[in-house]
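What follows is a protein structure lacking sequence information:
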Ligand code: DGI
């Protein structure tokens with residue numbers, strides 16, 4: 001398995017709940033390496049590009065409004081199989097399906113307020129890292 005990079009983001013509810021430290025700690029303890037991080041408020045344009053695959057869904061407007069409603073903590077993490085393993089550590093999208101011990105299983109309150117985003121494939125990781133970090137990474 002090759003070394004990969006993935007894009008992870010603590011959503012506004014997670015920043016508000018002050019769980020950035022816990023989330024960073026989980027990935028560091030798992031052996032992954034933080035390659036970039038920033039606290040920022042996403043523009044509507046960036047949010048719409050990020051969630052472009054959901055553009056036709058009825059909840060798209062709500063999704064964009066929520067992700068731009070306050071600061072997010074955008075991150076790039078690196079490691080072996082990090083894309084898949086980060087998704088497992090995050091837990092399922094729906095709070096009723098996310099297992100205790102996962103990030104969402106421990107913190108998510110509703111379907112939209114589910115604390116963290118993580119790329120779901122190599123193609124989306126590359127696209128999302130480019131979108132959020134461009135050429136900023138060291
Ligand atoms: O990759 P995920 O975040 O686990 O899930 P996703 O890419 O299918 O959806 C992106 C986000 O959109 C998800 O974290 C929460 C929200 N979402 C997904 N399905 C619904 C939804 N929000 C609402 N209100 N209704 C939905 O059916």
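Here it is on my side, so go on. Every value quoted in this text rests on a predicted model; they were computed, and no experiment measured them.

host element of residue 88?
helix 82-90 (DSSP states H and E).

So what's the gap between that helix and the chain middle?
Offset of helix 82-90 from its chain centre (Cα atoms, centre = their mean, to the nearest Å): 10 Å.

Give me the mean pLDDT for it.
Summarised as a single mean, pLDDT over helix 82-90 is 98.

One more: stretch 18-25?
Here the average pLDDT along stretch 18-25 is 98.

residues making contact with that stretch?
Contacts to stretch 18-25, defined as Cβ atoms under 8 Å, 6 or more residues apart in numbering, come from residues 8, 10, 14, 34, 37, 73, 75, 103, 107, 115-116. Placement of C-beta: from N, CA and C, glycine included.

Sketch out the strands for the protein, chain order is fine.
Counting by DSSP state E, the chain has strands at residues 3-10, 33-40, 72-80, 116-118.

Give me the helices and strands touching the shortest one, please.
Read that as strand 116-118. strand 3-10, helix 82-90 (3 or more Cβ pairs under 8 Å, 6 or more residues apart in numbering; DSSP states H and E).

quick one: buried residues of the helix ranked longest in the chain?
In terms of residue count, the longest helix belonging to the chain (DSSP state H) is helix 122-133. Neighbour counts over helix 122-133 (16 or more other Cβ atoms under 10 Å) mark 124-125, 127-129, 131-133 as buried.

and what of stretch 20-33?
Quick answer for stretch 20-33 (16+ other Cβ under 10 Å): 20, 23-24, 26-27, 32.

Mind listing the residues bridging to the spatially most central residue of the chain?
Nearest to the geometric centre of the chain sits residue 117, at 2.3 Å (Cα atoms, centre = their mean). According to DSSP bridges, the residues that bridge with residue 117 are residue 9.

Sounds good, over and out.
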